[in-house]
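# Sharing a model prediction with you, sequence too.
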Amino acid sequence: MEKIRIGIVGMGNCASSLIQGLHYYKDRSPEDIIGLMHHNLAGYLPEDIQVVAAFDVDKRKVGKDVSEAIFEKPNCTKIFCSNILPLEVTVKMGKILDSFSEHLTNYPEEERFLLSNEQEPTKEELIQALKESQTEILINYLPVGSEQATKFYVECALEANCAFINCIPVFIASNEEWSSKFKQKNLPIIGDDVKSQLGATITHRVLTDLFKKRGVKLERTYQLNTGGNTDFLNMLNRSRLISKKISKTEAVQSVTAKRLEDKNIHIGPSDYIAWQKDNKVCFLRMEGKLFGDIPMNIEARISVEDSPNSAGIVIDAIRCAKLALDRNIIGILEAPSAYFMKHPPKQLPDDLAYELVEKFILEERCD
């Protein structure tokens with residue numbers, strides 16, 4: 001199969017895990033594969049994904065080869081594949097806009113971004129970089145709350161004729177005005193806000209669906225999350241959390257038997273704990289009533305390495321976007337968005353979304 005040429009915006013922990021994974025699974029026997037939903041996806045393997053463009057604003061990463069930049073501070077995710085040869089792709093200076101929150105300057109340098117002194121590119125320069133690298137799919141890994149910066153890169157992707165995968169909770173695919181622009185340009189889009197492989201959101205959704213199917217009335221629930229990576233540090237600025245809370249809350253509300261009142265559901269990042277680094281801990285509680293109006297509750301604690309937990313999902317999303325390009329499928333990819341993302345344009349139960357993604361991969365009709 002031909003290579004899938006991707007560009008990445010934001011060389012943080014998620015990009016590090018993704019790129020490590022592309023090399024970790026290279027040339028492995030299918031019998032030895034652990035952690036991928038699909039090793040072979042319609043003929044495309046993880047190693048068929050090639051990073052050809054990368055953008056960041058941290059001076060420790062800008063100007064370095066991608067293979068080196070993904071291990072620079074403030075990245076703190078686990079290193080599970082360190083023997084990555086130079087990719088001969090240099091991280092270019094990106095657009096800052098609102099991708100940097102001023103409160104970060106109050107924290108030690110090793111925990112936060114250090115803005116590069118390099119001149120920011122114009123839109124025309126960035127579009128040209130995407131074209132010259134022949135980027136097919138642009139991946140958005142900007143910090144949560146980067147509304148302006150995300151829209152800037154979306155405009156660049158459209159002008160450079162790139163498909164787009166929006167991994168953060170800025171509503172692009174789920175915004176009709178923006179998503180229609182991809183259809184007009186004959187390009188596919190997957191979004192918004194990546195749903196981890198086995199994290200807080202998917203676990204909360206499955207348990208909520210279980211309540212519904214087993215006739216248990218869900219009355220109250222919360223999901224509290226703590227972590228020590230730059231994502232959690234960035235989200236200490238509560239003004240940047242609005243879309244994140246909407247995304248995570250709607251992911252659960254969409255599978256309840258009856259929508260909960262706002263006062264009875266609380267979901268969202270709760271605090272930054274530096275020593276946790278890229279480890280994310282979720283505290284989950286669900287209260288309900290079952291037979292005879294007898295009360296019950298479930299409490300769970302989930303501990304995962306945050307960034308690798310999403311990398312396998314993005315590997316599948318990239319390959320689905322490539323299939324869409326191959327097959328001239330344009331606009332929103334509804335099934336992949338519903339299965340891979342927290343806030344897709346159309347919420348579907350996870351088992352149905354899974355079935356539709358499998359049909360999409362096999363090129364079966366999904367209507």
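Here it is on my side, so go on.

# Tell me, how many residues neighbour residue 243?
For residue 243, the tally of surrounding residues (other CB atoms under 10 Å) stands at 18. Glycine gets a C-beta too; all of them are placed from N, C-alpha and C.

# ok, now residue 150?
Residue 150 has 27 nearby residues by other CB under 10 Å.

# what about it, which helix or strand?
Secondary structure assignment for residue 150, by DSSP states H and E: helix 147-159.

# ok, and what's touching stretch 49-57?
Contact with stretch 49-57 is made by 3-12, 15, 19, 22, 62, 66, 69, 87, 89-96, 99-100, 113, 115-116, 126, 129-130, 133-135, 138, 315, 318-319, as judged by CB atoms under 8 Å, 6 or more residues apart in numbering.

# follow-up on the earlier one: I'd like to know which elements the helix holding residue 150 is packed against.
Based on contacts counted as 3 or more CB pairs under 8 Å, 6 or more residues apart in numbering; DSSP states H and E, the elements that helix 147-159 packs against are helix 123-132, strand 137-140, strand 163-166, helix 176-184.

# could those go into CSV alongside distance to residue 323 and mean neighbour count?
Listed next are the helices and strands packed on helix 147-159 as CSV, based on distance: least, CB to CB, whole Å; neighbours: other CB atoms under 10 Å:
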stretch, distance to residue 323, mean neighbour count
helix 123-132, 21, 16
strand 137-140, 11, 26
strand 163-166, 11, 28
helix 176-184, 16, 15
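
# so which of those gets nearest residue 325?
Among the helices and strands packed on helix 147-159, strand 163-166 comes nearest to residue 325, with 5.9 Å by CB to CB.

# which other helices and strands contact that closest one?
Packing contacts for strand 163-166, counted by 3+ CB pairs under 8 Å, 6+ apart, involve strand 137-140, helix 147-159, strand 188-190, helix 308-327.

# Dump the longest one to PDB, restricted to CA.
Extracted C-alpha coordinates of helix 308-327, given in PDB (Å, rounded to 0.1, in the frame of the first residue of the first chain):
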ATOM      1  CA  PRO A 308      -0.900   6.100  24.700                       C
ATOM      2  CA  ASN A 309      -4.600   5.400  25.600                       C
ATOM      3  CA  SER A 310      -5.600   7.600  22.600                       C
ATOM      4  CA  ALA A 311      -2.900   6.800  20.100                       C
ATOM      5  CA  GLY A 312      -4.300   3.500  18.800                       C
ATOM      6  CA  ILE A 313      -7.700   5.200  18.200                       C
ATOM      7  CA  VAL A 314      -6.000   7.900  16.200                       C
ATOM      8  CA  ILE A 315      -4.100   5.300  14.100                       C
ATOM      9  CA  ASP A 316      -7.400   3.900  13.100                       C
ATOM     10  CA  ALA A 317      -8.900   7.300  12.500                       C
ATOM     11  CA  ILE A 318      -6.000   8.200  10.200                       C
ATOM     12  CA  ARG A 319      -6.500   5.000   8.200                       C
ATOM     13  CA  CYS A 320     -10.300   5.600   7.900                       C
ATOM     14  CA  ALA A 321      -9.600   9.100   6.600                       C
ATOM     15  CA  LYS A 322      -7.200   7.700   4.100                       C
ATOM     16  CA  LEU A 323      -9.900   5.200   2.900                       C
ATOM     17  CA  ALA A 324     -12.300   8.100   2.500                       C
ATOM     18  CA  LEU A 325      -9.700   9.900   0.300                       C
ATOM     19  CA  ASP A 326      -9.100   6.700  -1.700                       C
ATOM     20  CA  ARG A 327     -12.900   6.200  -2.200                       C
END
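
# and it, which residues are buried?
Residues of helix 308-327 classed as buried under the neighbour-count rule (16 or more other CB atoms under 10 Å) are 308-325.

# My understanding was that residue 14 contacts residue 144; is that so?
No: no contact is recorded between residue 14 and residue 144 when judged using CB atoms under 8 Å, the distance being 11.4 Å.

# With neighbour numbers in mind, choose between the two.
Neighbour tally, residue 14 and residue 144, criterion other CB under 10 Å: the higher count belongs to residue 14, 28 against 22.

# what's that one in contact with, if anything?
Counting by CB under 8 Å, 6+ apart, the residues that residue 14 touches are 141, 167, 307, 310, 311, 314.

# so where's the protein uncertain?
Low-confidence segments of the chain (pLDDT under 70): 364-367.

# Please, where are all the helices along it?
13-24, 66-69, 123-132, 147-159, 176-184, 200-213, 230-234, 242-253, 308-327, 334-340, 350-361 (DSSP state H).

# Can you pull out the residues in contact with stretch 146-162?
Judged by CB under 8 Å, 6+ apart, the contacts made with stretch 146-162 from elsewhere in the structure are 7, 9, 94-99, 123, 126-127, 130-131, 135-138, 140, 142, 163-164, 166, 168, 170, 172, 178, 181-182, 185, 187, 243.

# ok, now which ones touch residue 42?
Counted by CB under 8 Å, 6+ apart, residue 42 has contacts 319, 323, 361, 362, 363.

# State the distance from the first one to residue 259.
Between residue 319 and residue 259 the distance, using CB to CB, to the nearest Å, works out to 34 Å.

# Likewise for the last one?
In this structure, residue 363 and residue 259 are separated by 36 Å, where distance is defined by CB to CB.

# so who does the closest residue to residue 60 other than its chain neighbours touch?
Computed as CB to CB, 6 or more residues apart in numbering, the closest residue to residue 60 that is not its neighbour in sequence is residue 72, at 4.3 Å. With contacts defined as CB under 8 Å, 6+ apart, residue 72 is in contact with 58, 60, 61, 64.

# Perfect, I'm done here.
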